[in-house]
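Asks: Next input, structure requested:
(chains A and B)
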Amino acid sequence: MSNKKIFISAGEASGDLHGANLIKEILEQAPVVEIHGLGQQRMVETGLRCLHSMDNHSVMWAETLTRIPALWGVYKDCVNFFQSHRPQAVVLIDYAGFNLYLAQAARRLGIPVVYYICPQLWAHGAWRVKKLKRLVSKVLVIYPFEEGFYTRAGIPVRYVGHPLFDELAKRELDKELIEKLRSGGDSSGTKNSALRSPHSAFPVVSILPGSRSQEIKKLLPIFLKAAGLIKESLPESRFLISCGHIDHLPLIHTMVKRHGLAAEVVVGSLGEIIEAATLCLTASGTVTLEVAYHQKPMIVAYRVTPFAYFVARPYMDTPFLCLVNTVAERFLVPEKFMYRDDYPWVARQALELLTGEGKRDGVVQGLSSIMGDIARPGASALAAREILGMIQR
Amino acid sequence: MLHLFLAILTLCVAAFLYFRGKIGMSLFFLFAFYGLGIWVATDIFFPQHRVIFFLLTGILVFFPLSLLVAFFMDVRYGWFCFDMSYSWAFVWGFAFIFLGINLAGKTIAYFVGMNIE
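Replies: Residues are numbered from 1 along each chain as shown, chains lettered A, B, ... in the order given. Next comes the predicted model:
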């Protein structure tokens, strides 16, 4: 295995985390392999020989256009690297807009390409699977239903599991903080112990408005207005708001103040905020899997402009917005793709789950069942084994 | 005035059909809208503001149409790495801007009393 080189490309913060876990596993299984590529701090810390840091390239929508000249430079350097060093495999992690170009360049040079955490083509733009078929040697998928999708498209595929569960299995929750969050800081008295129970009549509602400021601006007002309605019906209910990044704290504080809701904003500690909750109001995305992992009922919303809703709707290939429902293949948790601030719907669904014990238990049982199927750690190790298996041939 | 009215109608029908997922029928009405829209723009701008006419049709008609062609090529042959379904955002955004400019042009022309017809 000496002098073997693997090139890994990850563009975003989540890709950096999963890339770092993958590198760690590859180096554990084959310590002499050289890992080169594109990533951020965590990947570098675990042993990536970084060709370019992708810190400033994690952008969305129109911002992408402003980064084209810089990304073009990164692309050219990668192609030069492929030509001069000839890595045994190129591993791409998510970030399809850029990574598919790298796949094209590697394929032209006859370098095998492995796609780990594929773009969600089963949800939108299924026709692009033709492109993927031409460019990649194998895909390592993270959801069980993806295996069938790529097999039908004729692409060699292996289901390795979701690397999020590697992280969650490692994580130890701060029980004291959870108690504090449930009781609103009053963890001394015993008379409130019943209220602190997640199934008490005095619920804790955790609001998870997303990790990007654009998402927060669109979703948080809806959740705050819904929280106001919940508070009217259940005056004892308490609200926690998750702030994923300290930079978003002023924005969240301003919004909370504007809506006049008594809510505790917590920076980080996502696992504890979810665990403390009776119910979560959440943005769609990987966070829904984390909520499901903690077996908490949730309501999922995604807000777009009416124009974006109009343009995107005909090309959505799945009836489900939320990953949990996609995995369950049914509307296990309430979800809504909104083009207007439909907060009464959120409040109505929340009250049904908070006051209807049977409904809540049904959701919890459903979550427990799907987590039993997919929440297994070991995705990064399995992915590493697949990649090393390819370069040994 | 009839062709402007028909342009509004065809665009509304095209948008409705698109939203209902009937893309083929929507394209038929969209092309009808572009034809009528260019006709209206020719009446308003071509005689005296030829540059504006060419800019309008170039940016608001032929640019989104070329993106749409690229999108369908991508669906058929998988040519592009970028998700070309974003082309539809340009198509619909620019179509309504084109209609808006035609409406505004026709209204101004009516009040200023230009001899268009």
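Asks: And for chain B, the residue most distant from the center?
Replies: B:Cys81 (26.7 Å; C-alpha atoms, centre = their mean).
Asks: Identify the residues contacting that one.
Replies: A:Ala96, A:Gly97, A:Leu100, A:Tyr101, A:Ala103, A:Gln104, A:Lys131 (C-beta atoms under 8 Å, 6 or more residues apart in numbering or on different chains). Placement of C-beta: from N, CA and C, glycine included.
Asks: Which of these sits closest to B:Ala7?
Replies: A:Gly97 (35.2 Å; C-beta to C-beta).
Asks: following the helix or strand hosting that closest one, which helix or strand shows up next?
Replies: In the assignment (DSSP states H and E), A:Gly97 maps to helix A:96-108. As assigned by DSSP H and E, the chain's next helix or strand after helix A:96-108 is strand A:113-116.
Asks: Output that next one as PDB, restricted to C-alpha atoms.
Replies: Only the C-alpha atoms of strand A:113-116 are listed here, as PDB (Å, rounded to 0.1, in the frame of the first residue of the first chain):
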ATOM      1  CA  VAL A 113     -13.900   8.200  -8.800                       C
ATOM      2  CA  VAL A 114     -15.900   7.400  -5.700                       C
ATOM      3  CA  TYR A 115     -18.800   9.600  -4.700                       C
ATOM      4  CA  TYR A 116     -19.400   9.500  -0.900                       C
END
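Asks: What helices and strands are in contact with it?
Replies: Applying 3 or more C-beta pairs under 8 Å, 6 or more residues apart in numbering or on different chains; DSSP states H and E, we find strand A:113-116 packed against strand A:89-93, helix A:96-108, strand A:138-141, helix A:379-392.
Asks: If you count neighbours, what's buried in the last one?
Replies: Translated: helix A:379-392. By 16 or more other C-beta atoms under 10 Å in any protein chain shown, the buried positions in helix A:379-392 come out as A:Ala379, A:Ser380, A:Ala381, A:Leu382, A:Ala383, A:Ala384, A:Arg385, A:Glu386, A:Ile387, A:Leu388, A:Met390, A:Ile391.
Asks: Export those residues as a markdown table, with columns for distance to chain B and pLDDT.
Replies: As requested, the buried residues of helix A:379-392 are exported to a markdown table (distance: C-beta to the nearest C-beta, whole Å; pLDDT from 0 to 100):
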| residue | distance to chain B | pLDDT |
| --- | --- | --- |
| A:Ala379 | 26 | 94 |
| A:Ser380 | 26 | 94 |
| A:Ala381 | 30 | 95 |
| A:Leu382 | 27 | 96 |
| A:Ala383 | 23 | 96 |
| A:Ala384 | 26 | 96 |
| A:Arg385 | 28 | 96 |
| A:Glu386 | 24 | 95 |
| A:Ile387 | 22 | 96 |
| A:Leu388 | 27 | 95 |
| A:Met390 | 22 | 90 |
| A:Ile391 | 24 | 89 |
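Asks: Look up how far A:Gly161 lies from the spatially closest residue to A:Gln41 that is not a sequence neighbour.
Replies: With C-beta to C-beta, 6 or more residues apart in numbering or on different chains as the criterion, A:Gln41 has its nearest non-adjacent residue at 7.1 Å, and that residue is A:Asp16. Remark: distance between A:Asp16 and A:Gly161 (C-beta to C-beta, to the nearest Å) = 19 Å.
Asks: Over to A:Lys170?
Replies: Taken as C-beta to C-beta, the span from A:Lys170 to A:Gly161 is 14 Å.
Asks: if I read this right, A:Val204 contacts A:Glu275, doesn't it?
Replies: No. Checked against C-beta atoms under 8 Å, the pair A:Val204 and A:Glu275 is beyond contact range at 10.1 Å.
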